[in-house]
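# give me the fold of what follows.
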Amino acid sequence: MARANRHSIPGFIWHITHGCHKREFLLRKDRRRWIQWLYQAHKPCGIAILNHMVTYNHIHLLVMDTGPEKSISRTIQRIANRTAQEYNKRKNRTGAFWEDRYHDRKIRWPPRASLD
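Residues are numbered from 1 along each chain as shown. From the prediction side, this is the model:
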């Protein structure tokens, strides 16, 4: 079955999650490096980073798409590729670093007023 295309809408806020392969703790030593790569990759691609959290086996991002179409996909792809390449080179291994695709969810902004 073909994968659904991602729909990137400029100006919206997105919650992104991406997990390590087999939920292994692969980011234990690379958390700081991953954050550096995030801040290097986001500027040319056109996303605004609102918040991030990097755990040992997955990441969370809160971003606003401010660039051209597919800017979030390009940013995540750059970081994911670099992370996998450097980790595999350092560990002298091959294979997947990340679990399948990243997950994204559009955040409603501004939040709806309370119905109380």
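
# low pLDDT regions in this structure?
The chain contains residues with pLDDT under 70 at 1-8, 109-116.

# tell me where the longest helix sits in the chain.
The residue-count maximum for a helix in the chain (DSSP state H) belongs to helix 71-91.

# how about that one: buried residues?
By neighbour count with 16 or more other C-beta atoms under 10 Å, helix 71-91 contains the buried residues 71-76, 78-80, 82-84, 87. Using the backbone N, CA and C atoms, a C-beta is placed for each residue, glycine as well.

# how about stretch 54-64?
V54, N57, H58, I59, L61, V63, M64.

# list the contacts of that stretch.
The contact list for stretch 54-64, computed with C-beta atoms under 8 Å, 6 or more residues apart in numbering, reads 11-20, 23-28, 31, 34-35, 38, 42, 47-53, 72, 75, 107.

# drop anything exposed from the residues you listed.
The neighbour count (16+ other C-beta under 10 Å) marks 12-14, 16, 18-20, 26-27, 34-35, 38, 42, 47, 72, 75 as buried among these.

# can I get stretch 35-42 in PDB, CA atoms only?
Extracted in PDB, the C-alpha atoms of stretch 35-42 (Å, rounded to 0.1, in the frame of the first residue of the first chain):
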ATOM      1  CA  ILE A  35      19.800  19.500  18.700                       C
ATOM      2  CA  GLN A  36      22.800  21.100  16.900                       C
ATOM      3  CA  TRP A  37      21.800  19.400  13.600                       C
ATOM      4  CA  LEU A  38      18.200  20.600  14.100                       C
ATOM      5  CA  TYR A  39      19.200  24.200  14.500                       C
ATOM      6  CA  GLN A  40      21.600  23.900  11.500                       C
ATOM      7  CA  ALA A  41      18.900  22.300   9.200                       C
ATOM      8  CA  HIS A  42      15.900  24.400  10.100                       C
END
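
# with that, I have no additional questions.
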